[in-house]
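Chemist: Coordinates for the following, if possible.
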Amino acid sequence: MKILIAPDSFKESLDALDVCRAIQSGFSQVFPEADYKLLPMADGGEGTSAVLSYVLGGRWKEVVVNDPLMRPITAKYLLLPDATAVIEVAQACGLHLLTSGERNPVIASSYGVGELIADALEEGAKRIVIGLGGSATNDAGLGMLMALGITFHDIDDTLLTHGGGALASLHRLDNINLHTKVLDTVFEVACDVTNPLCGLLGASAVFGPQKGACAEQVKALDKALSHFATMCGHHGYEDCQHVEGAGAAGGLGYAMMTFFQAQLKSGFDTVAEVAHLSQHIAEADLVITGEGKLDAQTAMGKVAGGISQLAKASHTPVIAICGSVDGLKPAQTSQFEVIMPSIQKVDTIENVLSQAYDNIETTAVNIAASIKLGQNLK
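Modeler: Residues are numbered from 1 along each chain as shown. Predicted coordinates:
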């Protein structure tokens with residue numbers, strides 16, 4: 001029996017590879033001779049590079065770049081053997097890099113993201129996969145584009161400063177010094193956010209407050225982003241501000257579509273394609289997936305829901321192991337042969353999280369034992 005184990009991480013308790021190992025440990029106690037394939041998965045957010053590194057190999061490259069407040073930090077990205085680079089923007093402009101008191105999207109810059117891209121281009125990357133999410137910025141990629149050679153000027157022809165607030169002063173941009181390799185590179189963006197650049201559902205209104213923006217700053221930032229899009233249009237760039245995902249990561253989605261002709265895909269679809277997930281599913285007799293909580297969001301671009309959809313094509317049965325199940329309707333549960341919560345007893349959240357490995361292993365043993373019993377009863 002070929003068993004593919006392909007879960008997401010269990011947030012705040014186990015990364016995806018440890019979930020794989022817990023499931024294999026449990027199943028192998030009942031089916032020690034089974035052929036197990038561990039394929040930890042992600043949906044394009046934090047941890048995506050680590051997952052792809054395990055699945056595909058490659059090497060990590062550490063680079064000194066600037067954080068959102070233009071302070072030097074060490075960030076890393078993944079170089080795969082096929083000349084693909086995988087970059088998570090949070091490595092360079094993540095909200096986690098700032099204290100709560102430092103959060104200010106009016107001045108926070110995505111410059112470090114551009115520095116990572118520039119380094120990947122110099123390393124020979126022909127395809128760059130960008131994981132959006134977790135950014136501290138709201139500058140529509142202004143800093144990133146600066147790092148790649150584009151200059152931005154106000155009406156007095158003075159160079160703009162960093163941050164989303166500076167966009168309000170943009171009068172002219174000049175791309176003559178854009179990194180020469182950008183236009184010869186394929187950019188793919190892993191993004192599960194569907195927000196446009198501006199408006200009530202835009203980057204500033206929806207994500208600005210969590211990045212430190214007050215109500216007045218949200219309005220000013222939204223107006224600045226709208227002005228930026230208008231000026232890009234005046235300079236001959238396609239208007240992408242209303243495209244789903246343009247508002248992702250403080251407008252980095254917009255910049256990548258506008259300046260790099262990037263394709264925005266769901267995070268899961270991007271990871272699944274790079275990891276050749278469909279092929280692995282087709283070769284398996286059984287797929288075991290999972291995530292911390294199965295709920296209504298599972299079918300909307302999350303790992304477990306995505307795997308169940310891919311498995312339909314090859315008629316491969318799918319079992320989902322999760323921490324908990326919340327509000328799933330029958331139509332949402334029918335995509336799995338089995339859904340099994342792993343929490344073994346009522347306990348504090350701290351204990352539940354710390355016992356995740358043992359709970360998942362025990363659940364896997366019980367599922368495997370049930371399969372074995374069914375085989376013996378035939």
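Chemist: Give the next helix or strand downstream of the helix-or-strand element of the chain with minimal mean pLDDT.
Modeler: Within the chain, confidence by mean pLDDT, DSSP states H and E is lowest for helix 330-333 among all helices and strands, at a mean of 58. Once helix 330-333 ends, the next helix or strand along the chain (criterion: DSSP states H and E) is strand 338-341.
Chemist: Which elements pack onto that following strand?
Modeler: Counting contacts by 3 or more CB pairs under 8 Å, 6 or more residues apart in numbering; DSSP states H and E, the secondary-structure elements packed against strand 338-341 are strand 318-325, helix 356-377. To be clear about C-beta, it is placed using only N, CA and C from the backbone, and glycine gets the same treatment.
Chemist: okay, the ones you listed, which one's buried deepest?
Modeler: The highest mean neighbour count among the helices and strands packed on strand 338-341 belongs to strand 318-325 (a mean of 22), with neighbours defined as mean count of other CB atoms under 10 Å.
Chemist: relative to helix 356-377, how tilted is that strand?
Modeler: Taking axes from the mean of the first three to the mean of the last three CA atoms, to 10 degrees, one finds strand 318-325 and helix 356-377 inclined to each other by 140 degrees.
Chemist: so how far is strand 318-325 off the chain centroid?
Modeler: With CA atoms, centre = their mean, to the nearest Å as the basis, the distance from the averaged C-alpha position of strand 318-325 to the chain average is 21 Å.
Chemist: Likewise for stretch 199-213?
Modeler: Taking CA atoms, centre = their mean, one finds stretch 199-213 lying 19 Å from the centre of the chain it belongs to.
Chemist: With just CA atoms, put it into PDB.
Modeler: The C-alpha trace of stretch 199-213 is given here as PDB (Å, rounded to 0.1, in the frame of the first residue of the first chain):
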ATOM      1  CA  GLY A 199     -11.200  51.300  -1.400                       C
ATOM      2  CA  LEU A 200     -13.100  49.800   1.500                       C
ATOM      3  CA  LEU A 201     -11.700  46.400   0.800                       C
ATOM      4  CA  GLY A 202      -8.300  47.600  -0.200                       C
ATOM      5  CA  ALA A 203      -4.800  47.200   1.400                       C
ATOM      6  CA  SER A 204      -5.000  50.300   3.600                       C
ATOM      7  CA  ALA A 205      -8.500  49.800   4.900                       C
ATOM      8  CA  VAL A 206      -8.400  46.100   5.600                       C
ATOM      9  CA  PHE A 207      -4.700  45.600   6.600                       C
ATOM     10  CA  GLY A 208      -3.500  49.000   7.600                       C
ATOM     11  CA  PRO A 209      -4.800  49.000  11.200                       C
ATOM     12  CA  GLN A 210      -3.000  45.800  12.100                       C
ATOM     13  CA  LYS A 211       0.200  47.400  10.700                       C
ATOM     14  CA  GLY A 212      -0.200  50.400  13.000                       C
ATOM     15  CA  ALA A 213      -2.200  52.800  11.000                       C
END
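Chemist: Can you give me the buried ones in it?
Modeler: For stretch 199-213, the neighbour count (16 or more other CB atoms under 10 Å) marks 199, 202-208, 211-213 as buried.
Chemist: Could you do stretch 34-42 as well?
Modeler: Buried residues in stretch 34-42, defined by neighbour count with 16+ other CB under 10 Å: 36-42.
Chemist: try stretch 289-296
Modeler: For stretch 289-296, by 16+ other CB under 10 Å, it's 289-295.
Chemist: before we move on, back to that, would you mind giving the helices and strands packed on strand 338-341 as CSV with mean pLDDT added?
Modeler: What follows is these, written out as CSV (pLDDT from 0 to 100):
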stretch, mean pLDDT
strand 318-325, 91
helix 356-377, 94
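Chemist: Of these, which is nearest residue 167?
Modeler: Closest of those to residue 167 is strand 318-325, at 41.5 Å (criterion: CB to CB).
Chemist: hey, C-alpha coordinates of the closest one in PDB?
Modeler: Coordinates of the C-alpha atoms in strand 318-325 are reproduced here as PDB (Å, rounded to 0.1, in the frame of the first residue of the first chain):
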ATOM      1  CA  VAL A 318      -8.300  11.100   1.300                       C
ATOM      2  CA  ILE A 319      -8.300  11.000   5.100                       C
ATOM      3  CA  ALA A 320      -8.100  14.300   7.000                       C
ATOM      4  CA  ILE A 321      -6.600  14.500  10.500                       C
ATOM      5  CA  CYS A 322      -7.000  17.800  12.200                       C
ATOM      6  CA  GLY A 323      -6.900  19.400  15.700                       C
ATOM      7  CA  SER A 324     -10.600  20.300  15.600                       C
ATOM      8  CA  VAL A 325     -13.600  20.500  13.300                       C
END
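Chemist: I am finished for the moment; much appreciated.
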